[in-house]
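Novice: The sequence and its predicted three-dimensional model are supplied below.
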Amino acid sequence: MRRLSGRPGETRLMDGPIVIGIDCSTTAAKAVARDARGRDLGEGRSGVKLHDFGDGRYEQDPTDWWAAVCAALRALLALLPGAEVAAVSISNQRETFAPFDADGVPLRPAIVWLDERCRDEVDRFATRVGETRIHRLTGKPKDITPVVYRLAWMQRHEPDLYRRIALVLDVHGYLALRMTGTATTSWASADPLGVFDMQRKDYAPEILGPLGLAAAQFAPACPPGQVIGTVSAAAARETGLPEGTKLVAGGGDGQMAGLGANVLIPGRAYLNLGTAVVSGLHGMAYRTDPAFRTMGSATGDGYIYESCLRAGTFLVDWFVRHLLHLDPTGDGGVYAALEREAAALPAGAEGLLLLPYWMGVMPPHWDMQARGAIVGLAPQHGRAHLYRALLEGIAFDQAMVTGLTEAATGLRCTEYLAIGGGARSDLWCRIIADVSGRPVLRSTTVECSSMGAAMAAAVGAGWFPGFIEAAQAMSGPISRRFEPDPVASAHYARLMPAYRELYPRLKPLFAALAAATQMHGEPVLS
């Protein structure tokens with residue numbers, strides 16, 4: 001047993017082989033080493049540049065993904081000299097892709113999941129294939145997020161480049177190409193593209209045909225936990241990994257975070273309080289419904305019934321920066337002060353209701369024209385009321401969508417496991433527990449997506465017979481449990497019908513505002 005340095009001020013014990021979970025997210029690549037008990041033995045991190053053009057277009061250079069992964073792995077392995085790496089696996093940002101030529105060279109920058117350039121293509125392409133058919137095949141309701149609509153945009157707007165496409169790769173497929181020499185992806189990485197038949201576990205000809213593409217132009221997809229290759233000599237020189245190290249199929253960061261939070265426990269839903277608020281329940285039956293989007297499980301068996309509110313901590317930061325005109329990065333006490341002030345207010349923020357659709361809405365309404373609204377403003381309301389109403393609005397929406405998901409699937413959500421930056425807020429966790437009437441648990445695991453990837457690597461390395469055993473052994477303990485307060489829950493239950501009415505009543509106004517804005521020649525922002 002050797003005692004090794006971890007993060008500053010910490011030490012880690014390493015006893016035997018390790019696995020590495022790589023999380024290549026929208027803004028950074030992280031490589032985290034774990035042992036068979038899931039203990040964090042060290043982390044390397046490197047940023048990924050995101051090009052925001054200010055008009056709804058977001059792009060990245062795919063080679064930056066690889067450079068960041070290499071830098072993160074080198075930083076990690078410098079902390080663990082002589083470590084025996086049993087396997088590595090990948091968690092990747094979803095719905096981000098790039099087209100490549102036959103030599104694996106990008107034909108254009110990658111189009112990131114945040115991108116909105118395909119807004120006018122969504123209805124057009126869905127009409128060509130059939131909106132209901134797309135939903136049934138892919139598990140994804142008609143929405144701006146899946147890659148399929150951005151491919152349709154390229155087909156229309158970049159026809160010469162489009163004809164040169166040899167490969168369309170998601171982040172997982174590209175990293176596997178650079179690491180092993182072969183582009184291979186996971187079922188749980190391919191399905192967010194919106195061109196994957198969820199039941200056949202293969203690319204859907206009914207969708208690829210109108211795009212003028214074939215399945216051979218996508219990375220072969222295999223079950224999570226399967227060994228898909230070994231680290232090449234060239235990749236070993238760039239990453240610091242030993243040549244021949246096993247690369248194991250992982251999955252999209254949302255599903256991998258769910259695995260890291262052990263969503264396999266019956267009744268548990270993960271709740272990622274990040275830039276977006278993403279939650280999911282695990283089930284074995286293939287079901288589709290507007291209440292959720294159906295994602296492939298990170299185990300390869302079953303599905304995640306996932307909700308996504310695009311404005312989570314993004315909305316909190318927006319409030320601080322644009323309404324309070326404060327810089328949270330320069331004053332670490334801003335959020336602490338807001339938490340104290342809002343916690344002193346009663347449930348319901350003294351009559352304020354907030355609809356958190358600043359960036360449109362996915363489940364259950366699927367309306368990118370929807371926008372935010374604050375209802376009930378009165379002279380006594382100040383910043384603490386607005387802040388509390390913001391947290392409550394997100395909690396109302398999550399509780400509503402969870403209830404709809406339960407009704408559509410027959411499953412029961414008995415607890416949320418909160419992860420992500422927002423999970424550090426005691427106030428937010430308490431509000432979610434009170435609004436939903438469900439306990440909220442806080443995990444000790446900080447990097448749940450890389451934890452899920454580490455579990456996949458552990459399964460591929462043969463440490464465990466399956467994902468259930470890996471999740472039981474490696475998922476971190478619970479650091480705190482927030483139980484619903486009966487009095488607050490009763491008050492929120494009286495407010496829920498009013499919250500449910502906000503969107504239906506405002507929907508016609510959202511459409512009228514969008515039309516008026518477009519007629520005035522201004523971009524419709526999300």
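Specialist: Sure thing, it's come through.

Novice: Distance from the chain centre to stretch 140-148, please.
Specialist: Its chain's C-alpha centre and that of stretch 140-148 lie 14 Å apart, by Cα atoms, centre = their mean, to the nearest Å.

Novice: tell me what the host helix or strand of residue 78 is packed against?
Specialist: Here residue 78 sits within helix 62-79, counting by DSSP states H and E. Using 3 or more Cβ pairs under 8 Å, 6 or more residues apart in numbering; DSSP states H and E as the contact test, the elements touching helix 62-79 are strand 18-24, strand 28-34, strand 40-47, helix 171-180, helix 233-239. Just so you know, the C-beta spots here come from the backbone N, C-alpha and C atoms, and that holds for glycine as well.

Novice: Tell me which of those is the most buried.
Specialist: strand 18-24 (a mean of 30; mean count of other Cβ atoms under 10 Å).

Novice: Okay, helices next: where are they in the stretch 301-450 of the chain?
Specialist: Counting by DSSP state H, counting those that start in this stretch, the stretch 301-450 of the chain has helices at residues 313-318, 333-343, 383-409, 426-436, 448-460.

Novice: Okay, buried residues for the helix holding residue 78 please.
Specialist: For helix 62-79, burial by neighbour count (16 or more other Cβ atoms under 10 Å) applies to 62, 64-77, 79.

Novice: Can you pull the phi and psi angles for residue 294?
Specialist: Main-chain torsions, residue 294, degrees, to the nearest 10: phi -90, psi 120.

Novice: Contacts only, for it.
Specialist: By Cβ atoms under 8 Å, 6 or more residues apart in numbering, residue 294 lies in contact with 139-140, 198, 286-288, 303-306.

Novice: Can you tell me the closest non-neighbouring residue to residue 292?
Specialist: In space, and not counting its chain neighbours, residue 292 is closest to residue 305: 4.2 Å by Cβ to Cβ, 6 or more residues apart in numbering.

Novice: An error on my part: the question was meant for residue 198.
Specialist: Using Cβ to Cβ, 6+ apart, the nearest residue to residue 198 is residue 139, at 4.8 Å.

Novice: re the thing from before, for residue 42, find the nearest of the helices of the stretch 301-450 of the chain.
Specialist: Smallest distance to residue 42 across the helices of the stretch 301-450 of the chain (Cβ to Cβ): 11.6 Å, for helix 448-460.

Novice: Name the next helix or strand downstream of the closest one, please.
Specialist: Downstream of helix 448-460, the first helix or strand assigned by DSSP H and E is helix 467-474.

Novice: Setting aside sequence neighbours, what's the nearest residue to residue 126?
Specialist: The nearest residue in space to residue 126 (Cβ to Cβ, 6+ apart) is residue 142, at 4.7 Å.

Novice: Do I have it right that the one you found meets residue 131?
Specialist: Yes: shown here, residue 142 and residue 131 form a contact pair, counting by Cβ atoms under 8 Å, at 5.1 Å.

Novice: okay, those two: which has more neighbours?
Specialist: residue 142 (18 against 14; other Cβ atoms under 10 Å).

Novice: Name whatever forms a beta bridge with residue 248.
Specialist: residue 89, residue 227 (DSSP bridges).

Novice: now do residue 358
Specialist: residue 360.

Novice: so who does it touch?
Specialist: Contacts of residue 358 by Cβ under 8 Å, 6+ apart are 310-311, 314-315, 318, 371-372.

Novice: same thing but at 7 Å, please
Specialist: Contact analysis of residue 358 by Cβ atoms under 7 Å, 6 or more residues apart in numbering lists 311, 315, 318, 371-372.

Novice: ditto for residue 172
Specialist: 90, 92, 185-186, 189, 250.

Novice: For PyMOL, write the selection for the buried entries among the residues you listed.
Specialist: Buried subset of the contacts of residue 172, written as a PyMOL selection, criterion 16+ other Cβ under 10 Å:
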select buried, resi 90+92+185+186+189+250
